[in-house]
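Student: I would like the atomic coordinates for the input below:
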Amino acid sequence: MPADASALPGEFLSLLGLRLGTSSRIAQGLYVETALIGDSATLYALWPNGTCEDLGLAGQYNTTLLTMLEAMVDASNPAGAAAMINAQLKQGLSGAGGSTGAAMAQVTNLKLNCTDVVTAYQPSKDDLQHTLYCGYYQARCNGTTSTNQYAAAFDWRDSSSTRFAPDLYYNDTYGLPNNEAPTKYQRVPQVLNMAVNSWLKTVLGPGYSAELIGVMETPKVASKVNLDFSALLGPLFFTWVIQMLLPIFLMQLVYEKEKRLRMMMKMHGLGDTAYWIVMYSWFFMLYIAYMIIFVFFGSIIGLNMFTKNSYGIQFIFYFLFGHNMIAFAFLLSCFFTSSKTATVFAYLVVFGTGLIGSLLLSQLINAGQWYTTLLQLVPSFSLFRGLFEMGEYAFLAVYRQSYGMSFHSLRDAGNGMSEVWVILAVEWVVFMMLAWYLEQVFASGTGNRRHPLFFLEGLRKRSNATTTRQPRPSSELQLPTIKSASAAAAGGSSVNLTADASAAAAAGAAAAEEPEDV
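Tutor: Numbering: from 1, shown residues only. Alright, predicted model coming up:
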């Protein structure tokens, strides 16, 4: 609406008998038709098929209201009477002064397009719905994208001369509820008024009608729009805050290997299993205390991300991520020998994944890309997705003055919280198994390095135990030849040693009978 006008008498258009349509959308909370706002508003005057040609306006665009009124008068009156009526009409519209004249000037200067409405009878309710649906340009019926859209459809089977009970069908694609934007509204009253007039003219005669002057909101108590931008910005900051324990866990694990503290513990009798249980329990206790303080103070100061969403959902989500983060720290510790390098890497993971999640992952989630699930295999991105879902539900809860995410909301289309839970739980187990295996293979300060297939040693030992060794006969043994001292001096033959006890005894007796050379 132009700034120099206080109101636009849109009811004047209805009193003239015009049926208007527009492509502009309705804005909730406005006490004026949005199609009449702005200098470039475009309206469509709807007529029965063929009327625009009779009026001489076929093919003309953005004609003024006065031009259309003159065409209507010329088509329905003799030439002399039409000229007199048009002169009086011009004088009446231009004679008003002050604010009334300015408002009437706005009405007469509106741009109108004469539009023929083509009706199509359908034999059944299913055919009616199919025609209405396939006319939409995104329906892609029969593999085509052609547009043959109908404004509305009516089913008159339950109506009679004494009963007005039509079923109204219209395209409500833009009005479908979603989790990302406020509800959009349709101009149903004007379409319903067309049905009322059609029934009245059919039953009572062409001289009867019930004109819809306009639609206006009922006066109500002043209200304000409540928006919570902290719920939308929260996922980025909360991703950073919750992961701040990851560098601490990783640094402690690598530091004990770097300073050979693990080896000292082993020398004093502490086994690997006991060490893992103690460290895991200590890390989890720290995480629990950290998250209790985090959620408690967030709820106390009234952050809607905590107060609007179910605490049960928050507990499951934070519980699973805590175990996942600790297991991930154990896994990463296998690849570092310097605690400083490990700490720097952990902080890069914390801040880098938070920024990537805010700038990239949020866009992919809103677009519904299928490979978003693959990105969520990174634990930090799973954390961001869970916080993103809670932030979205908290924002809508504030806007709608309702409750946020509950267990019932997990079944909503596009809700990825259940998917995040599954990923975190599975990765928790996988990370711990990989960490145990890699610590055995990589001797990074925990002991001797084992073979990558060390877990198959048990199978090899069992196979060796089932194999029995048979003694070989003495004839197959290849024994060395030894010459005695006397034989060597005399050039005699050598003596072959055998394992036979009787042969050894005889050789010993013969040697005893010979005098020893001096």
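
Student: and residue 47, how far from residue 156?
Tutor: Residue 47 sits 21 Å away from residue 156, going by CB to CB, to the nearest Å. Heads up, the C-betas are built off the backbone N, CA and C, glycines and all.

Student: and these two? Which one has more around it.
Tutor: For residue 47 versus residue 156, neighbours defined as other CB atoms under 10 Å are more numerous around residue 47 (19 against 14).

Student: for this structure, which helix is longest?
Tutor: helix 272-300 (DSSP state H).

Student: average model confidence for it?
Tutor: Averaged across helix 272-300, the pLDDT comes to 92.

Student: list the buried residues of that helix.
Tutor: Across helix 272-300, burial judged by 16 or more other CB atoms under 10 Å covers 279-280, 283, 287, 290-291, 294-295, 298.

Student: what's the closest of these to residue 206?
Tutor: residue 298 (67.8 Å; CB to CB).

Student: check whether residue 243 really touches residue 380, as I assumed.
Tutor: Yes. Counting by CB atoms under 8 Å, residue 243 does reach residue 380; the two are 6.4 Å apart.

Student: please enumerate the shared neighbours of those two.
Tutor: Listed as contacting both residue 243 and residue 380 by CB atoms under 8 Å, 6 or more residues apart in numbering are 349-350, 353-354.

Student: next, format those as CSV and append distance to residue 67 and neighbour count.
Tutor: Listed next are these as CSV, based on distance: CB to CB, whole Å; neighbours: other CB atoms under 10 Å:
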residue, distance to residue 67, neighbour count
349, 68, 19
350, 67, 19
353, 63, 20
354, 61, 24
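
Student: dump the residues you listed to JSON lines, plus secondary structure.
Tutor: Formatted as JSON lines, the shared contacts of residue 243 and residue 380 follow (DSSP: H, G, I helix; E, B strand; the rest coil):
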{"residue": "349", "secondary structure": "helix"}
{"residue": "350", "secondary structure": "helix"}
{"residue": "353", "secondary structure": "helix"}
{"residue": "354", "secondary structure": "helix"}
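
Student: just give me the closest of the residues you listed to residue 368.
Tutor: Using CB to CB, the shared contacts of residue 243 and residue 380 come closest to residue 368 at residue 353, 21.3 Å.

Student: give the closest residue to the closest one in space, chain neighbours not counted.
Tutor: residue 380 (3.4 Å; CB to CB, 6 or more residues apart in numbering).

Student: how many residues are close by the one you found?
Tutor: Neighbours of residue 380 under the rule other CB under 10 Å: 25.

Student: pretty sure it sits in a strand.
Tutor: No. Counting by three-state DSSP, one finds residue 380 to be helix, located in no strand.

Student: for it, give me its contacts.
Tutor: Contact analysis of residue 380 by CB under 8 Å, 6+ apart lists 239, 243, 349-350, 353-354, 357.

Student: and which of those is nearest residue 71?
Tutor: Nearest to residue 71 among the contacts of residue 380, with distances taken as CB to CB, is residue 357, at 60.2 Å.

Student: what about the closest one, how many neighbours?
Tutor: 26.

Student: spit out the contact partners of it.
Tutor: 235-236, 239, 380-381, 384-385, 388.

Student: hmm, 7 Å instead?
Tutor: Contacts for residue 357 (CB atoms under 7 Å, 6 or more residues apart in numbering) come out as 239, 380-381, 384.

Student: just the pLDDT for it.
Tutor: For residue 357, the pLDDT comes out at 89.

Student: assign it to helix, strand or coil.
Tutor: Secondary structure, three-state DSSP: residue 357 is helix.

Student: grab the nearest non-local neighbour of residue 238.
Tutor: Leaving aside its sequence neighbours, residue 238 is closest to residue 387 (5.1 Å, by CB to CB, 6+ apart).

Student: residue 49 and residue 120 touch, don't they?
Tutor: No. In this structure, residue 49 is not within contact of residue 120 by CB atoms under 7 Å, at 10.5 Å.

Student: what about the closest residue to residue 170 other than its chain neighbours, neighbour count?
Tutor: Take residue 170 and drop its neighbours on the chain: the residue closest to it by CB to CB, 6+ apart is residue 152, 4.5 Å away. Residue 152 has 17 neighbours, counted by other CB under 10 Å.

Student: ok, now residue 140?
Tutor: Around residue 140 there are 11 residues (other CB under 10 Å).

Student: give the contact list for it.
Tutor: With contacts defined as CB under 7 Å, 6+ apart, residue 140 has no neighbours.

Student: kindly report the same for residue 209.
Tutor: Contact analysis of residue 209 by CB under 7 Å, 6+ apart lists 197, 200-201.

Student: just the buried ones among the residues you listed, please.
Tutor: By neighbour count, with 16+ other CB under 10 Å, the contacts of residue 209 hold 197, 200 as buried.

Student: nearest to residue 160 among the contacts of residue 209?
Tutor: Relative to residue 160, the closest of these is residue 200; by CB to CB it sits at 13.7 Å.

Student: which non-adjacent residue is nearest that closest one?
Tutor: Leaving aside its sequence neighbours, residue 200 sits nearest to residue 208 (CB to CB, 6+ apart; 4.6 Å).

Student: likewise for residue 280?
Tutor: Leaving out its chain neighbours, the residue that sits closest to residue 280 by CB to CB, 6+ apart is residue 326, at 6.1 Å.

Student: got the contact list for that neighbour?
Tutor: By CB under 7 Å, 6+ apart, the contact list for residue 326 reads 249, 280, 283-284, 287.

Student: now do the SS call for it.
Tutor: Under three-state DSSP, residue 326 falls in the helix class.

Student: for residue 439, give its distance to residue 215.
Tutor: 72 Å.

Student: er, residue 134 actually
Tutor: Distance, residue 134 to residue 215, by CB to CB: 30 Å.

Student: okay, those two: which has more neighbours?
Tutor: Set residue 134 next to residue 215 and count neighbours by other CB under 10 Å: residue 134 wins out with 16 against 13.

Student: the nearest residue to the more buried one once chain neighbours are set aside - how many residues pack around it?
Tutor: Excluding the flanking residues, the one nearest residue 134 by CB to CB, 6+ apart is residue 141, at 3.7 Å. If you count neighbours by other CB under 10 Å, residue 141 ends up with 14.

Student: next SSE downstream of whichever strand or helix holds residue 352?
Tutor: In this structure, residue 352 is located in helix 339-356 according to DSSP states H and E. The first helix or strand that comes after helix 339-356 along the chain, using DSSP H and E, is helix 362-367.

Student: quick check: mean pLDDT of that following helix?
Tutor: Averaged across helix 362-367, the pLDDT comes to 86.

Student: that helix packs against which elements?
Tutor: Packed against helix 362-367 by the contact rule (3 or more CB pairs under 7 Å, 6 or more residues apart in numbering; DSSP states H and E) you find helix 379-400.
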